[in-house]
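Engineer: Provided below for reference: sequence and predicted model.
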Amino acid sequence: MINFENNPLIQKTVQFSLDIIEFCELLEEKRKFVIAKQLLRSGTSIGAKCI
């Protein structure tokens, strides 16, 4: 079983995804929906590929 708490790769990918989500929210406030949607999908997919 993978130890998520002590794995720096997992921690960094989770933090990256959270940062991407926050940035996409800012883009949506500026009505940049298309780029925000694409960035959200591509930026958060890294976590699925690491586990």
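Structural biologist: Cool, the structure landed. Model, not experiment: these values are computed from the prediction.
Engineer: Centre-most residue in the chain?
Structural biologist: By Cα atoms, centre = their mean, the mean C-alpha position of the chain lies nearest to residue 17, the distance being 1.8 Å.
Engineer: Ignoring the adjacent residues along the chain, who's closest to it?
Structural biologist: residue 44 (4.5 Å; Cβ to Cβ, 6 or more residues apart in numbering). From N, CA and C alone the C-beta is placed, and that goes for glycine too.
Engineer: can I get the CA coordinates of the host helix or strand of residue 35 in CSV?
Structural biologist: Secondary structure from DSSP states H and E places residue 35 in helix 33-50. The C-alpha coordinates for helix 33-50 follow below in CSV (Å, rounded to 0.1, in the frame of the first residue of the first chain):
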residue,chain,number,x,y,z
PHE,A,33,-14.1,29.7,-19.6
VAL,A,34,-12.5,27.7,-22.4
ILE,A,35,-8.9,28.0,-21.2
ALA,A,36,-10.0,27.5,-17.6
LYS,A,37,-11.8,24.2,-18.5
GLN,A,38,-8.8,22.9,-20.5
LEU,A,39,-6.3,23.9,-17.9
LEU,A,40,-8.4,22.3,-15.1
ARG,A,41,-8.6,19.0,-17.0
SER,A,42,-4.9,18.8,-17.9
GLY,A,43,-3.6,20.3,-14.7
THR,A,44,-5.4,17.9,-12.4
SER,A,45,-4.8,14.8,-14.5
ILE,A,46,-1.3,14.5,-13.2
GLY,A,47,-2.6,13.1,-9.9
ALA,A,48,-4.4,10.3,-11.6
LYS,A,49,-1.3,9.3,-13.5
CYS,A,50,1.0,9.2,-10.4
